[in-house]
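Peer 1: my questions are about this predicted structure, shown below with the sequence.
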Amino acid sequence: MKVLNKILSSVLAFMVAAMVVVCCWQVITRFVLGNPSKYTEEILRFALIWLTMLGAPYAYGAKQHLAIDLLVKGFEPAGQHRTQIFVEFAVLALSAAVFVAGGIAVTMNAHGQISAAMKLPMECYYACIPIGGALMILYSLNNLYHLFRDKDKEVA
C-alpha cells in the first residue's frame, strides 16, 4: 500500500501542478493575447474529474476523508470497532456496485463519442470512475485487514 500511496500522491501532485499551469495559460491567452485557447477549458474540466476520482480513494486510504463520527464516538470500543467494520463493508459494496460495475457500464456506453475540443475518445474521461472504484476497493480491503488484525491482537 505504501507504493500505491506514493504513486497516487505523485500523480495527484502532478495533476494539480498541470492544472495550475493550464489555468494560467488560459488566463494569458484570454486576457493578454485576446485569443482564448479552445483546449484549456476541456483539459481543466477533465483533469478535475480525474483528480476527484483518484483523490477520493487516496484521502480515504489516508483516513483524511470527511466523516461524521459524533454518534460512533459515543459507543464503547467494541461497538466502534463493529461500526468501522460495517462501514468498510458498505464502502466495499458501494464501490463495487456503483463505481466499478456502473463505471464500466458508463465507460462502455461512451464508446464512439469524442470530446468537443480535443477530439479524444470519451472512454478516456469516463475510465476514471471504475479506476477510482477499484482503488476504493483496495483501500477498503486494506482497512478491513487492519481492523480484523487489530481485533485479533486485542483478543490475544
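Peer 2: On my side now, so go ahead.
Peer 1: Met122 and Lys38: what is the separation?
Peer 2: Counting by Cβ to Cβ, to the nearest Å, the separation of Met122 from Lys38 is 17 Å. Heads up, the C-betas are built off the backbone N, CA and C, glycines and all.
Peer 1: wait, Asn5
Peer 2: Asn5 is 36 Å from Lys38, by Cβ to Cβ.
Peer 1: do Val11 as well
Peer 2: 26 Å.
Peer 1: also Leu94?
Peer 2: When Leu94 is compared with Lys38 (using Cβ to Cβ), they lie 37 Å apart.
Peer 1: which of these two has more neighbours?
Peer 2: Leu94 (15 against 11; other Cβ atoms under 10 Å).
Peer 1: helices of this structure, residue ranges please.
Peer 2: 2-27, 40-61, 77-94, 103-109, 123-126, 128-155 (DSSP state H).
Peer 1: weakest of these by average pLDDT?
Peer 2: Among those, helix 128-155 carries the lowest mean pLDDT, a mean of 89.
Peer 1: what's it packed up against?
Peer 2: Packing partners of helix 128-155 (3 or more Cβ pairs under 8 Å, 6 or more residues apart in numbering; DSSP states H and E): helix 2-27, helix 40-61, helix 77-94, helix 103-109.
Peer 1: that helix versus helix 40-61: what angle between them?
Peer 2: 10 degrees (axes from the mean of the first three to the mean of the last three Cα atoms, to 10 degrees).
Peer 1: list the buried residues in helix 128-155.
Peer 2: Using 16 or more other Cβ atoms under 10 Å as the test for burial, helix 128-155 gives 128-137, 139-140, 143-144, 147.
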